[in-house]
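K.L.:
Here's a sequence, model it:
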Amino acid sequence: MKKVLIIEDEKSIREFASDVLTAAGYYVIETPDAESGLERLLKKSKSKSAGNDFDIVLSDIMMPKADGFEVLKRLKRSRMKMPVFIYMTAISERKEFRKAMEEGADDFLTKPFTADELLKAVETQLRKKDKLMSEFPHAEEETAVDSRITSKIKETPGVHFGYDERIFISNVNRSGFINIKNIVIIKSLKDYTKLVISDRETYFLRKPLKKWLSSLPGEHFLLVNRSEIINTNYIDNIKKLPNNTHEITFRNYKHKSIISRRTGSKLSKTLKNL
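P.N.:
Residues are numbered from 1 along each chain as shown. Alright, predicted model coming up:
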């Protein structure tokens, strides 16, 4: 049974969400503010069991004292296994929605929402997480314990790597220098990223995709969709799809990337300069 924590100061909303999810077969715990929600989330059981782990967190944004952004920030700093995190908010300003997603939320619901909207949001995000875990079976295990993914990358903040430079990466299973030019794909796992190297080695690092984007040489690396940066030098073929997007295949690597339409023109320009 999936375990849900609801953090909402408005009683009617909290009870409505709880009733809907309970009827759908979820185990639900309610808290009326950020402090009590964080206490539930971060509490360590004496037996060190997984009894305090939640699969889903539904949190209001605007609450007395600490807000929903603080809840997510504290949760991410705790290094615990990250649940699906969905904001519930009556705020209509687009900047707040943008901030919610930039902070690492999986989705948001605009209040008032219907039972169908709530269930669809929860079920959609759980399916996405299941798909991620099936593609990267060790991702949750690795992201749950910071010592398992150590982005000990020897770099200076704001540094911009050259294509022929090397960086030092230390993981629990391997450590050493890798060449920037040997990185084929960098795939986002929220606050973490998976690096695929040309020799098919992989690394999981605590470094968000946007930080990689700002430090890699733009003439060789391109953000092709919301979750992937590719090294254009490893492109084997580009196939145009009916919906005006493109499918990329890579040399010696069985993976396909879909290029968003907005990236198409940028990619064409990049490839002409290769």
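K.L.:
all contacts plus neighbour counts: C-alpha atoms, from now on.
P.N.:
OK.
K.L.:
Which helix or strand contains residue 112?
P.N.:
Under the criterion DSSP states H and E, no helix or strand holds residue 112.
K.L.:
where's it relative to residue 189, distance?
P.N.:
According to CA to CA, to the nearest Å, residue 112 and residue 189 sit 30 Å apart.
K.L.:
swap in residue 27?
P.N.:
26 Å.
K.L.:
Comparing these two, which residue is more hemmed in?
P.N.:
Neighbour count, other CA atoms under 10 Å: between residue 27 and residue 189, residue 189 has more, with 21 against 16.
K.L.:
Please, where are all the strands along the stretch 151-274 of the chain?
P.N.:
166-170, 175-179, 183-189, 192-197, 202-205, 221-225, 228-231, 235-240, 246-250, 253-259 (DSSP state E, counting those that start in this stretch).
K.L.:
Go through those and name the closest to residue 84.
P.N.:
Of all the strands of the stretch 151-274 of the chain, it is strand 183-189 that lies closest to residue 84, at 12.6 Å by CA to CA.
K.L.:
For the closest one, enumerate the helices and strands it packs against.
P.N.:
Identification of packing neighbours for strand 183-189 by 3 or more CA pairs under 8 Å, 6 or more residues apart in numbering; DSSP states H and E yields strand 192-197, helix 209-215, strand 228-231.
K.L.:
if we go to 10 Å?
P.N.:
Here strand 183-189 touches helix 139-144, strand 192-197, strand 202-205, helix 209-215, strand 221-225, strand 228-231, strand 253-259, going by 3 or more CA pairs under 10 Å, 6 or more residues apart in numbering; DSSP states H and E.
K.L.:
From the contact counts, what lies against the lengthiest helix in the chain?
P.N.:
Longest helix in the chain, counting residues (DSSP state H): helix 115-135. In terms of contacts (3+ CA pairs under 10 Å, 6+ apart), helix 115-135 is packed against helix 11-23, strand 56-60, strand 84-89, strand 107-110, helix 139-144.
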